[in-house]
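> give me a model of this one.
(chains A, B, C and D)
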Protein chains: 2
Amino acid sequence: MAAPLLKLAATNDGDADGRFSPRTIPEQLAEELGADIVAGRRKAGERLIELDLAQNFGVSRGPVREALRILERRRMVDLLPRRGAYVRPLSLKSIADLFNVRLALSLLAARTMATSPVESYVETLARRCAELNEMVETGDPIAFARVTTRAVRTIAHGSDNELLLELSIDLANQTVWETIWKTPLDYLTLGVRREAADLMTETLEAIRRRDPETAVRSLRVLLENDRDRALAVLTDLRKEAGDLSAISSG
Amino acid sequence: MAAPLLKLAATNDGDADGRFSPRTIPEQLAEELGADIVAGRRKAGERLIELDLAQNFGVSRGPVREALRILERRRMVDLLPRRGAYVRPLSLKSIADLFNVRLALSLLAARTMATSPVESYVETLARRCAELNEMVETGDPIAFARVTTRAVRTIAHGSDNELLLELSIDLANQTVWETIWKTPLDYLTLGVRREAADLMTETLEAIRRRDPETAVRSLRVLLENDRDRALAVLTDLRKEAGDLSAISSG
DNA sequence: AATTTGTCAATTGTTGACAATTGACAAGAG
DNA sequence: CTCTTGTCAATTGTCAACAATTGACAAATT
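The predicted structure follows:
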């Protein structure tokens, strides 16, 4: 998925879960801290001291503690009992792992969708697909990437699998993705966009004719291409710049 | 509501295995509460009131709060801001979803293992496989099921994907499994065991000759069979008994 | 010199009190 | 009678103080 930006603040957007939860302080703290980690203002492996954070944010340690648990849940920090919280290192390898898990989940979703499709989601996917095809020529890589992400998310919804959806969102919300979002999308050339749009269309059609194997095969190629290109870009980035971000060599 | 008090002093001991777990109070609370939920002593949808829990366990609300966050992470409770914690309902559908997600992850693991195998895990898997073949005849369903689970876990390890492994363990640790574990395993007849052992062997051999497609196909059949049989048993159970457990009709 | 033991500051774990929010119920308005 | 509004108890959110543990460094021991 070359592109999933799903900013935390932007969860009201699109076909997101209709329920809106009141922003609690711990959640806001988690968001702030998470952003800091993403931006490299907190380095990988760095220890996070509760009192410092509390003073920085102008709250007491209680909410900070809860925020740290939230970040642990999002796999952004390691929480060692009695030993404190540490910014979780984010190696290229672990980013690849993340891609692969998301890929597996997406493929399961596609398979389910092609086996017992829910009409409304198929329609939504068709719309995204149409958008995608239109955007092949217009040439805005960012918009194209965003729609691709949405299409994949639609497929996750279409799985009719609550857990799968939850996990997908969880993983998508992770640090990594915002980091990846900042990478140049130059690799989304016209040819690449053409191919991606074709593959997504093929997936859609396979779903429509209830052909799981084809649906899975097409989507797999699409997502694997995307994964490989994104990883290549990230690898290059790491070579060029000194490793200031949360992405370590690992 | 009548939960036994924790024995605080006895918990800091090392484990007999040499690996000692730094059992914090919140973790213990989470474990207790989780067990209560599994056993149906806390019904699905029931509200969990912090003060009650704190008094029952003989601690203050702070640790209880953290325990609730832990259980949220394990998907055992829903945590609604300002509205309290609720025991998460566990429908048959959600159990099926869980099976499917685990299945998808296992298949990814098998694929990876067959693409770039790590010798040590292949060996371990071979041992499990041998065990399995021996146990076809001996006829202890529980032991057979356990070894099957281990074999699948070995494959998860063999994926060389930290995230996948973590998720697998997470999901495996869930309520559901302990519940499922209690179901009668009569369906593991000799024929079924024979088939399962064969499929696992086929998977192993495919991994050895680096044939991902076959490995995935075999394991898929194995796991799908298992899923369907387990779900059938659970469905029957629900029909027979009044729904006292955490498993709701959903 | 290397290892063990003792001490101490820094930090995390826990607590009880206080503030803020919610949901329910009753009183009043339309 | 139905709908709004006000009040109140129950419950969660937050805080600041206190207790317990850790890691580091120094002193003592072998």
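> DNA strand C contacts on chain A?
Proximity of chain A to DNA strand C (C-beta under 7 Å from any atom of the strand) is limited to residues A:22, A:47-51, A:61-62, A:65, A:81-85. For every residue, glycine as well, the C-beta is placed using N, CA and C.
> let me know the average pLDDT across whichever strand or helix holds residue A:144.
Using DSSP states H and E, residue A:144 sits in helix A:141-158. For helix A:141-158, mean pLDDT is 93.
> and stretch A:121-133, by the same measure?
Mean pLDDT, stretch A:121-133: 97.
> so residue A:188 belongs to a helix, correct?
No - assigned with DSSP: H, G, I helix; E, B strand; the rest coil, residue A:188 falls outside any helix and is coil.
> ok, for it, nearest residue in space, not its chain neighbours?
Counting by C-beta to C-beta, 6 or more residues apart in numbering or on different chains, the nearest residue to residue A:188 once its immediate chain neighbours are dropped is residue A:141, at 3.9 Å.
> and the lengthiest helix in chain A, what does it pack onto?
When chain A is parsed with DSSP state H, its longest helix is helix A:212-240. Where contact means 3 or more C-beta pairs under 8 Å, 6 or more residues apart in numbering or on different chains; DSSP states H and E, helix A:212-240 is packed against helix A:92-115, helix A:141-158, helix A:190-208.
> angle of it against helix A:190-208?
Helix A:212-240 and helix A:190-208 are oriented at 150 degrees to each other (axes from the mean of the first three to the mean of the last three C-alpha atoms, to 10 degrees).
> of all the residues in helix A:212-240, which ones are buried?
Across helix A:212-240, burial judged by 16 or more other C-beta atoms under 10 Å in any protein chain shown covers A:212, A:214-223, A:225-227, A:229-231, A:233-234, A:237.
> next, the angle helix A:141-158 makes with it.
With the same axes, to 10 degrees defining the directions, helix A:212-240 sits at 140 degrees from helix A:141-158.
> how about residue A:154, what does it touch?
By C-beta atoms under 8 Å, 6 or more residues apart in numbering or on different chains, the contact set of residue A:154 is A:15, A:121, A:124-125, A:128.
> what about chain A, any weak spots by pLDDT?
For chain A, applying pLDDT under 70 flags the ranges A:1-22, A:173-184, A:238-250.
> got the residues of it near chain B?
By C-beta under 8 Å from any C-beta of the partner chain, the residues of chain A that approach chain B are A:21-22, A:24, A:27, A:62, A:65-66, A:69-70, A:72-73, A:75, A:81-82, A:94, A:97-98, A:100-101, A:103-105, A:107-108, A:112, A:161-164, A:166-167.
> overlap between those and the residues near DNA strand D?
Filtering the residues of chain A next to chain B for neighbours of DNA strand D using C-beta under 7 Å from any atom of the strand leaves A:24, A:62, A:66, A:82.
> A helix includes residue A:164, no?
Yes - assessed with three-state DSSP, residue A:164 lies in a helix.
> could you check how many residues crowd around it?
Neighbourhood size, residue A:164 [other C-beta atoms under 10 Å in any protein chain shown]: 22.
> and the gap between it and residue A:153?
As for residue A:164, its distance to residue A:153 is 11 Å (criterion: C-beta to C-beta, to the nearest Å).
> try residue A:52
On the measure of C-beta to C-beta, residue A:52 and residue A:153 end up 37 Å apart.
> these two: which is more packed in?
Higher neighbour count among residue A:52 and residue A:153: residue A:153, with 25 against 11, using other C-beta under 10 Å.
> and residue A:72, what helix or strand is that in?
Using DSSP H and E, residue A:72 sits within helix A:61-73.
> buried ones in the helix or strand following that helix?
Downstream of helix A:61-73, the first helix or strand assigned by DSSP H and E is strand A:77-80. Neighbour counts over strand A:77-80 (16+ other C-beta under 10 Å) mark A:77-79 as buried.
> in a markdown table: those residues, plus distance to DNA strand D.
Shown next, in a markdown table, are the buried residues of strand A:77-80 (distance: C-beta to the nearest atom of the strand, whole Å):
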| residue | distance to DNA strand D |
| --- | --- |
| A:77 | 17 |
| A:78 | 13 |
| A:79 | 14 |
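> with respect to chain B, which of the residues you listed is nearest?
Distance to chain B, by C-beta to the nearest C-beta, is smallest for residue A:79 among the buried residues of strand A:77-80, at 10.0 Å.
> any idea what the closest one is bridged to?
Counting by DSSP bridges, residue A:79 is bridged to residue A:85.
> the residue nearest to residue A:155 when sequence neighbours are not counted: neighbouring residues, count only.
Leaving aside its sequence neighbours, residue A:155 sits nearest to residue A:109 (C-beta to C-beta, 6+ apart; 4.8 Å). Counted with other C-beta under 10 Å, residues neighbouring residue A:109 total 29.
> next one: stretch A:66-76 to chain centre, how far?
Centroid separation for stretch A:66-76 versus its chain: 17 Å, with C-alpha atoms, centre = their mean, to the nearest Å.
> just put the ones next to DNA strand D among the residues of chain A next to chain B in TSV and tack on neighbour count.
Listed next are those as TSV, based on neighbours: other C-beta atoms under 10 Å in any protein chain shown:
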residue	neighbour count
A:24	15
A:62	14
A:66	19
A:82	6
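> which parts of the helix holding residue A:144 are buried?
Counting neighbours by 16+ other C-beta under 10 Å, one finds that the buried residues in helix A:141-158 are A:141, A:144-158.
> same thing with stretch A:90-104?
A:90-92, A:94-104.
> what does stretch A:125-143 give?
Within stretch A:125-143, the residues that count as buried by 16+ other C-beta under 10 Å are A:125-126, A:128-129, A:131-132, A:135-136, A:141.
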